[in-house]
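Student: show me the folded form of this:
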Amino acid sequence: MYEGMLAETVRYDGYNGDQITAYFARPFGAGPFPAVVVLHHAPGWDEATKEITRKFAHHGYIGVCPNLHGRAGEGSPDDLAAAVRASGGVPDDQCMGDIEGSMKYLRALPYHSGKIGIIGFCSGGRQVYIAACRIPSLDAAVDCWGGRVIAKPEEITEKQPVSPIELTPKMEVPLLGIFGNDDPSPDPEQVDKIEAELKRLGKTYEFHRYDGAGHGFFSVDRPGYRQAQAVDAWKKVWAWYQQWLS
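Tutor: Next up is the predicted model:
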């Protein structure tokens, strides 16, 4: 059977009407296809994240990955990530606006099914947790090892003014969590506390934790990659989206 996909950079309106750049991938065909917004990790809008976006197209989804660091200017993902870190990180309101702009772009596509999920890695996982609480029109969320969901007082800033766990009462989006038990951020104790709050509030969620895996264990281009754990965790991701985006 013929398989094909289109992958390219696109531009659309994000937060505050800013034109933002995103990496976009979709299967060939009339669809309709569900969609997933991919939030890159703290190292930036890099090759590995674009490969993940294409992975969604291979599995029958429209994937779009906005460049959350694009306002820092031109340069390599490493340079832009360093500039964003030095400036205090991506503002939460700006990120939520870029996600909503991505969703508006997706909904205008004639081959989109109307269902939209979100996935994020590292800092993107933290942003996914916030989006699951602030953007109820999302249909499913996947947090991959998002750190600082439980923020320390010194981590509360003007750009990131809330500890995400405090938003949990507002969460309306089903949440899947993927974590490594060797990860220092979030460490297993933090994951326990997040899960306890989700359970206490009766939220729809599912957490999976992996021994022998640390932070970023999906990253095939980094020393922390763990093949067996990553393969199993991706199966959990596909099952979650099959449940909520079909």
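
Student: would you mark the buried spots in stretch 199-206?
Tutor: 203, 205, 206 (16 or more other C-beta atoms under 10 Å). Any C-beta I mention is one placed from the backbone N, CA and C, and that applies to glycine too.

Student: likewise for stretch 179-191?
Tutor: Across stretch 179-191, burial judged by 16+ other C-beta under 10 Å covers 179, 180, 182, 183, 186, 190, 191.

Student: could you report the neighbour count for residue 227?
Tutor: Counted with other C-beta atoms under 10 Å, residues neighbouring residue 227 total 9.

Student: next, count neighbours for the nearest residue to residue 70 once chain neighbours are set aside.
Tutor: Nearest residue to residue 70, sequence neighbours excluded (C-beta to C-beta, 6 or more residues apart in numbering): residue 21, at 5.3 Å. By other C-beta under 10 Å, 15 other residues sit near residue 21.

Student: residue 21 against residue 8, yeah?
Tutor: No: at 10.8 Å, residue 21 does not count as touching residue 8 under the criterion of C-beta atoms under 8 Å.

Student: pLDDT wise, what is residue 118 at?
Tutor: Looking at residue 118, its pLDDT is 99.

Student: need the buried residues of stretch 199-206 in JSON lines (columns: distance to residue 109).
Tutor: Formatted as JSON lines, the buried residues of stretch 199-206 follow (distance: C-beta to C-beta, whole Å):
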{"residue": "203", "distance to residue 109": "30"}
{"residue": "205", "distance to residue 109": "29"}
{"residue": "206", "distance to residue 109": "29"}
